[in-house]
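Asks: Here is a sequence with its predicted model. Questions after.
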Amino acid sequence: MAKEEVIVQKVLEKAPYAEGKVKRERRIEFKVPADRIREFLMIMKENNFESMMQITVVDWLKDGEFELVYQLWSYTYAVHAFVKTRIPRDLDKARMPTVKDIYPVAETYERDAHDFYGVYFEGNEKMEMPWILDDAEQGLFPHRKDFDWLGYTKRKYKILDRFDEDKDNYVI
Amino acid sequence: MVDWRLFEPLFNYARKKSLWIVAFCTGCGGIEMPPLMTSRYDLERFGMMPNPAPRMADLFLITGYVTPKTLKRIIITYELQPDPKYVLAHGSCPLNGGIYWDSYNAIKHLDRYIPVDVAIAGCMPRPEAVMDGIKKIMEMIENGTADGWKRYKENYEWYKKNQDELFGEGWREKEARRWIPWLKKK
């Protein structure tokens, strides 16, 4: 049996609420309900997934959901694990417990997710601090799919785009 | 009493031959600087060298796209430079946004915020193109047409209006209070 399948079986024995599968060589994937992400990541850390590489947010606009992908890397097995969880994408409901006490680096990635998508991580006290975005975009969450990207750009920089250009005010 | 304007051609010749660059690389064009500075293209034969202090520099290279956050630093650095100062913009992003034409976080026209003397087209311009731009700016310095710093003084209201429109009034004080340790509010 391949090492990936052994890892998935070992994790799923301890966490029966999760779904897990092997995607391909050195890639495994788990789906976890959002309220149990902390205990699941603790199990993952016990199973030699020492480092967190990224927290990715995927905006599924039609489903009305954010998919949070916690990407973990195991130096012991050289395996990359995706831990996926789904939360509603409304601003007041997009809340997650923080995992920064399990993986300290998560603090930064949670601030990233909050800046660009508006996911609020409860327990991360740096959530309100300004991070990458400038003051003008603070609180607009520009990477959400329903953000009017082009309209905002045109308003901010007072430009026309290549579709409504005119001869007097030629831009591109 | 000496009329120093008589010596202006001599000064311009000297300025042309000793352009010091602010070591302030924005965007992707910063990676074109190492080959320019090192043995292959060897910019120092023109008397140019990168300098970490804006107080001692003449030439400001805007190497690539400029975000509003960087633009604040660029404006402050530009105003710190002593007076004959020249700006050379690399690539299409400072001209019209380039591939970031629809991005909320890249400014579209750099010459609305600070004066640009020479702009090099391309994405990214090769080191040869940058050297061509530098040659151009040397010619312009010698015949006195590189007058961006004079335009900045004359049209300061216009530049300031554009800057304030983008950043909001009082952005200098706000940024200073946010980042300079002895001005920080406890």
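Replies: Cool, got the structure.
Asks: Number of residues surrounding residue 11?
Replies: With no chain named, the answer covers chain A. 21 (other Cβ atoms under 10 Å in any protein chain shown). Where you see a C-beta, it was placed from the backbone N, CA and C, and this is true even at glycine.
Asks: Chain B, not that one
Replies: Other residues close to B:F11 by other Cβ under 10 Å number 13.
Asks: Check B:R172 too.
Replies: 15.
Asks: Spatially nearest residue to it, not counting backbone neighbours?
Replies: B:I76 (7.3 Å; Cβ to Cβ, 6 or more residues apart in numbering or on different chains).
Asks: Report the secondary structure state of that neighbour.
Replies: helix (DSSP: H, G, I helix; E, B strand; the rest coil).
Asks: Name all residues that make contact with residue 90.
Replies: All of this refers to chain A. A:G64 (Cβ atoms under 8 Å, 6 or more residues apart in numbering or on different chains).
Asks: should've been chain B
Replies: With the criterion set at Cβ under 8 Å, 6+ apart, B:H90 makes contact with B:G29, B:E32, B:L61, B:I62, B:T63, B:G64, B:I120, B:G122, B:M124, B:P125, B:V130, B:G133.
Asks: now B:W101: how far from B:V130?
Replies: 23 Å (Cβ to Cβ, to the nearest Å).
Asks: Check A:I55 too.
Replies: 39 Å.
Asks: Same question for B:K136.
Replies: In terms of Cβ to Cβ, B:K136 sits 10 Å off from B:V130.
Asks: And A:K14, by the same measure?
Replies: With Cβ to Cβ as the criterion, A:K14 and B:V130 are 58 Å apart.
Asks: of these two, who's got more company?
Replies: Between A:K14 and B:V130, counted using other Cβ under 10 Å, the more crowded position is B:V130 (25 against 14).
Asks: how distant is the host helix or strand of that one from the center of its chain?
Replies: Element membership of B:V130 [criterion: DSSP states H and E] is helix B:127-142. Mean-position distance between helix B:127-142 and its chain equals 14 Å (Cα atoms, centre = their mean, to the nearest Å).
Asks: buried ones in that helix?
Replies: For helix B:127-142, a neighbour-count test (16 or more other Cβ atoms under 10 Å in any protein chain shown) marks B:P127, B:A129, B:V130, B:M131, B:G133, B:I134, B:K136, B:I137, B:M138, B:M140, B:I141 as buried.
Asks: show me what contacts the fourth one?
Replies: Taking Cβ under 8 Å, 6+ apart as the contact definition, B:M131 lies against B:L36, B:Y41, B:L43.
Asks: Generate TSV for the residues you listed, with neighbour count as supplementary columns.
Replies: Compiled in TSV, those are given as follows (neighbours: other Cβ atoms under 10 Å in any protein chain shown):
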residue	neighbour count
B:L36	20
B:Y41	17
B:L43	20
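Asks: how about a markdown table for those, with distance to chain A added?
Replies: Formatted as a markdown table, the contacts of B:M131 follow (distance: Cβ to the nearest Cβ, whole Å):
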| residue | distance to chain A |
| --- | --- |
| B:L36 | 28 |
| B:Y41 | 31 |
| B:L43 | 32 |
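Asks: what's the closest of those residues to A:I132?
Replies: B:L36 (29.6 Å; Cβ to Cβ).
Asks: the strands in chain B, which residues?
Replies: Applying DSSP state E to chain B gives strands spanning B:20-22, B:49-51, B:59-63, B:86-90, B:118-120.
Asks: Could you dump these into JSON lines and include mean pLDDT?
Replies: Listed next are these as JSON lines, based on pLDDT from 0 to 100:
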{"stretch": "strand B:20-22", "mean pLDDT": "90"}
{"stretch": "strand B:49-51", "mean pLDDT": "87"}
{"stretch": "strand B:59-63", "mean pLDDT": "90"}
{"stretch": "strand B:86-90", "mean pLDDT": "91"}
{"stretch": "strand B:118-120", "mean pLDDT": "91"}
